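>>> One predicted model, sequence on top.
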Amino acid sequence: MKKTALITGASSGIGEEFAKIHAERGGDLVIVARSIGKLNALKTTLEEKHNISVLVIEKDLSQANAAKEVYEEVIQAKIKIDYLINNAGFGGMGKFYERSVQEDLAMISLNVLALTELTHYFLVDFVKRNEGKILNVSSTASLMAGPGQAVYFATKAYVTSFSNAIAAELHNKKVTVSNLMPGATDSNFGERSGMDNTVMFSKTASARVVAKQGYNGMLRGKLNVLAGLDFTQKIAIGMVKFVPRKIMLLMVRKLQKG
């Protein structure tokens, strides 16, 4: 049976790849982002190539009530969502006391509040039907504190903790919540956040690889999906919990230098 996926941040990068992967497997889509031109172009391409249906929703999810408006638009269109992929998010470099507090609050609104709202609205429906899958896009950054990106790392720590907790709450349901933790990825995230010229982003994975690993992990109902990491990077991530906190903070601070 054809499945419908709602994907936020679908106009580029990992989100766009999620949309392509789902369409390639014959699924319909609801794609959400601020860039209406890119969304419409993606809609045209996917509908013509894969004979599917794509609903475009232009929305800035960092704005108040935006997540609820997305949910209401889906309900009004009488579309049943089977997979929710909360991909939208952004980061930003700089010392916390030197950054714009408004930009950091917008980051929290998108990375945390919108994700939480959308998860709630659709999860209620999933539980009623006793079916559905959610994939929340976090980051390997969620495993540590991030001097130089204090708010971004903290928002991703929230996403991982939140996703894992509600996954456990659903242990007796046929509903799953998976948490995707990519490493540095070749997308516009690096450029927008200012991380593209840092040591941390000196080696990146393709957005396609990350999206495919995340999508397949979601289908399997996997709790956490580490994506886009080579063998050495996987070993390094595995060692995070054993490194003393002060040393880890020093290491992260150096990795985020140009």
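Arrived safely, thanks for sending.

>>> contacts and neighbour counts: CA atoms only from here.
Noted.

>>> Which residue ranges of the stretch 151-258 of the chain form helices?
In the stretch 151-258 of the chain, helices defined by DSSP state H, counting those that start in this stretch lie at 188-193, 207-219, 231-239, 245-255, listed in chain order.

>>> where does this structure dip in pLDDT?
Across the chain, the ranges flagged by pLDDT under 70 are 185-204, 258.

>>> Single out the most deeply packed of the helices of the stretch 151-258 of the chain.
Neighbour counts (mean count of other Cα atoms under 10 Å) averaged over each of the helices of the stretch 151-258 of the chain peak at helix 207-219, with a mean of 21.

>>> what kind of secondary structure is residue 90 in?
Per DSSP: H, G, I helix; E, B strand; the rest coil, the local secondary structure of residue 90 is coil.

>>> wait, doesn't it sit right on residue 107?
Yes - because the distance of 6.4 Å satisfies Cα atoms under 8 Å, residue 90 is recorded as touching residue 107.

>>> which residues do these two both contact?
residue 152 (Cα atoms under 8 Å, 6 or more residues apart in numbering).

>>> isn't there a strand covering residue 117?
No - with the criterion set as three-state DSSP, the secondary structure at residue 117 is helix rather than a strand.

>>> how deep is the nearest residue to it once chain neighbours are set aside tucked in, by neighbour count?
Computed as Cα to Cα, 6 or more residues apart in numbering, the closest residue to residue 117 that is not its neighbour in sequence is residue 67, at 6.2 Å. The local packing count at residue 67 equals 23, with neighbours defined by other Cα atoms under 10 Å.

>>> same question, residue 149
Neighbours of residue 149 under the rule other Cα under 10 Å: 23.

>>> mind checking which helix or strand the closest residue to it other than its chain neighbours is in?
In space, residue 149 comes closest to residue 93 once its chain neighbours are excluded; the distance is 5.2 Å by Cα to Cα, 6+ apart. Secondary structure assignment for residue 93, by DSSP states H and E: no helix or strand.

>>> what's the burial count for residue 93?
19.

>>> pretty sure it is touching residue 147, no?
No - under the criterion of Cα under 8 Å, residue 93 is not in contact with residue 147, lying 9.2 Å apart.

>>> and the gap between residue 128 and residue 121?
Residue 128 sits at a distance of 11 Å from residue 121 (criterion: Cα to Cα, to the nearest Å).

>>> For those two, indicate the residue with more neighbours.
Of the pair residue 128 and residue 121, residue 121 is the one with more neighbours under other Cα under 10 Å, namely 14 against 11.

>>> And what about that one, helix, strand or coil?
helix.

>>> Quick check: closest non-adjacent residue to it.
The shortest distance from residue 121 to any non-neighbouring residue, by Cα to Cα, 6+ apart, is to residue 71 (7.0 Å).

>>> before we move on, which element is the one you found in?
Mapping residue 71 onto the secondary structure by DSSP H and E places it in helix 66-76.

>>> Please point out which parts of that helix sit buried.
66, 67, 70, 71, 74 (16 or more other Cα atoms under 10 Å).

>>> cool, stretch 16-36 as well?
With burial defined by 16+ other Cα under 10 Å, the residues of stretch 16-36 counted as buried are 16-23, 26-35.

>>> Ok, stretch 127-138 next?
Under the neighbour-count criterion of 16+ other Cα under 10 Å, stretch 127-138 has 132, 133, 134, 135, 136, 137, 138 buried.

>>> how many neighbours does the residue nearest to residue 214 when sequence neighbours are not counted have?
In this structure, residue 214 finds its nearest non-sequential neighbour in residue 180, 5.7 Å apart by Cα to Cα, 6+ apart. Counted with other Cα under 10 Å, residues neighbouring residue 180 total 30.

>>> go on, the one 3 residues further on?
Other residues near residue 183 come to 24 when the count uses other Cα under 10 Å.

>>> shouldn't it be in contact with residue 229?
Yes - Residue 183 sits in contact with residue 229 when judged by Cα under 8 Å, with a separation of 6.2 Å.

>>> Mutual contacts of these two, please.
Taking Cα under 8 Å, 6+ apart as the contact rule, residue 183 and residue 229 both touch residue 205.
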